[in-house]
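Novice: no FASTA, just this:
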């Protein structure tokens, strides 16, 4: 079983070009090294990275089919036909849906939205939903966000029922992909847009940019106000960070500006969401606040029921309604946590009773009483603890449905593709996927999945690795170093918060604080720093011992005085 004592520390080499880049930019060699570790290697790319500007966003018409989509939308606007936004039930899909609903409303267009029910309808377009939208009688166009690239039969049905379709989706393109409608996807091989990893809400934002530009050129805004697209950056930041899109290039620009928009709190729903999440009005909002406070609450609605209320929260102008929905959302999230903790506990118990656990490469568990809406989160927690590709499934009739999560180096989507003959449905990414199979096939599937993993996973790959940016002595830590590291904000996927290594260090004192945290004072050459190690109370007592530590640089404010604090990521007692 993996735990914090057997993680591999991978300390990166000092880049040979760091000194050259530092001199060209007038920055420290440490900051230059951190940039190079993030594949920012030229003075030009470094300047863009350190000073992201909205003006540097690329032309939306570089996307294949963007021009066709805009022409189709302009025609619908001219004919005053209703547009229905069809989204996904996760934060990326909810924010993308909210963005376009608000945008078309500001254009004076009749617009509605449809979010499928996770448990009753599943992901993406479905026949029942298409027929329900068509039955309304006045929808002329369906625009998908964060879904649709694999939904050719449903697109064909919509068109037979008299509705046009535009797909915006950032998921993998099928191998035999032949679009039957305008399809905006940055992964299309014929797309000229150079950045390939926009989120669903990022694509929706680019669609809005293109539509506004197209309408402006046609004189649509003569005598009327243009929508201010900067007002949607809070939604773009929420969805991009929640979907773990890499915070590089376009995403970095959008999220950096979007975090500022979140702090402005101009959207009543965001303001209410911040309040129930315990984020104060004057607090700086970080990407971690999105990942661990805001996103779980937005996701909770779709996990345990319908996500429709989340779109109402993000689009309402009424503060009373926003407060009501946010409170409901907070309550549902608390229910989700209780359900999730129970399933994690039951899963952990089963795993620890496995006699062959040490030899196993995979974990596959199922139970009739497990809630399908939370099994993906459970799988993530099991992978974090036991570090093996994991599938957590729930029994529904004669079918098993659920989610999987993987480890670095094992492509879960490819593995499921190779085992597709045993599955009824599957889909997802390298690290996360959803599956459905007949109950009677679970034994054969589990065995074959394990055998496939044995061929592809080296035992050394089953030890978690922590990438360390640099060794840093205590005497070199000062406010200027902290200030330079903050120039790398916002942190997230592919721009992780820098991790440093120091030691051996003498522990002057250690004490348990809060529920399960450890407060440590360390010394080196007469220099002392306070440290906090979250969830590491089990390491106490450390006083008088020699340790090596991995840490982030942070700040702590006590009685109005701010000081540098080391946030311990991992430690080893010498």
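Specialist: Noted; the coordinates are in hand. These numbers were taken from a predicted model, which means no experiment stands behind them. Numbering: from 1, shown residues only.
Novice: and the longest helix along the chain, average pLDDT?
Specialist: If you go by DSSP state H, the chain has its longest helix at helix 319-352. Here helix 319-352 scores 98 as its mean pLDDT.
Novice: span of stretch 413-424 from start to end?
Specialist: Terminal residues of stretch 413-424 lie 14 Å apart, using Cα to Cα, to the nearest Å.
Novice: who does the longest helix of the chain touch, helix- and strand-wise?
Specialist: Under the contact definition 3 or more Cβ pairs under 8 Å, 6 or more residues apart in numbering; DSSP states H and E, helix 319-352 sits against helix 268-276, helix 295-304, helix 308-315, strand 363-367, helix 375-386. C-beta here means a position set from N, CA and C on the backbone, and glycine is covered the same way.
Novice: among the ones you listed, which comes closest to residue 82?
Specialist: helix 308-315 (16.3 Å; Cβ to Cβ).
Novice: can you tell me what sits against that closest one?
Specialist: 87, 94-95, 97-98, 101-102, 105, 113, 115, 235, 267, 269-270, 272-273, 298, 301-302, 321-322, 325-326, 328-329 (Cβ atoms under 8 Å, 6 or more residues apart in numbering).
Novice: now the longest helix of the chain: buried residues?
Specialist: 322-326, 328-330, 332-333, 336, 339-340, 343-344, 347-348, 351 (16 or more other Cβ atoms under 10 Å).
Novice: same deal with stretch 203-213?
Specialist: 203-212.
Novice: in the stretch 351-500 of the chain, which spans are strands?
Specialist: Taking DSSP state E, counting those that start in this stretch as the criterion, the stretch 351-500 of the chain carries its strands at 363-367, 390-396, 399-405, 425-428, 432-438, 465-468, 470-471, 500-513.
Novice: between these, which one is closest to residue 519.
Specialist: Short answer: strand 500-513, nearest of the strands of the stretch 351-500 of the chain by Cβ to Cβ, at 4.7 Å.
Novice: so after that closest one, what's the next helix or strand?
Specialist: Per DSSP states H and E, strand 500-513 leads on to strand 517-524 as the next helix or strand towards the C-terminus.
Novice: what about that following strand, distance to the chain center?
Specialist: 32 Å (Cα atoms, centre = their mean, to the nearest Å).
Novice: ok, residues contacting it?
Specialist: Counting by Cβ under 8 Å, 6+ apart, 473-475, 502, 505-513, 528-537, 539-540, 542, 547, 549, 566, 568 sit against strand 517-524.
Novice: need the buried ones from these selected in PyMOL.
Specialist: With 16+ other Cβ under 10 Å as the criterion, this PyMOL line picks the buried residues out of the contacts of strand 517-524:
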select buried, resi 474+502+505+506+507+510+529+530+531+532+533+536+537+539+542+547+549+566+568
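Novice: could you export the strands of the stretch 351-500 of the chain as CSV, including distance to residue 7 and mean pLDDT?
Specialist: Formatted as CSV, the strands of the stretch 351-500 of the chain follow (distance: least, Cβ to Cβ, whole Å; pLDDT from 0 to 100):
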stretch, distance to residue 7, mean pLDDT
strand 363-367, 19, 98
strand 390-396, 18, 97
strand 399-405, 18, 96
strand 425-428, 26, 86
strand 432-438, 22, 94
strand 465-468, 5, 95
strand 470-471, 17, 96
strand 500-513, 13, 94
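Novice: the helices and strands packed on helix 319-352: which one's closest to residue 17?
Specialist: Among the helices and strands packed on helix 319-352, the nearest to residue 17 by Cβ to Cβ is helix 375-386 (35.0 Å).
Novice: quick one: work out the angle between that closest one and strand 390-396.
Specialist: Orientation check (axes from the mean of the first three to the mean of the last three Cα atoms, to 10 degrees): helix 375-386 against strand 390-396 gives 150 degrees.
Novice: pLDDT averaged over helix 375-386 - what is it?
Specialist: The pLDDT scores in helix 375-386 average 96.
Novice: how far does that helix sit from the chain's center?
Specialist: Using Cα atoms, centre = their mean, the offset of helix 375-386 from its chain centre is 16 Å.
Novice: and the worst-scoring helix or strand of the chain on mean pLDDT, what does it pack against?
Specialist: Lowest by mean pLDDT, DSSP states H and E among the helices and strands of the chain is strand 425-428, with a mean of 86. With contacts taken as 3+ Cβ pairs under 8 Å, 6+ apart, strand 425-428 sits against helix 412-418, strand 432-438.
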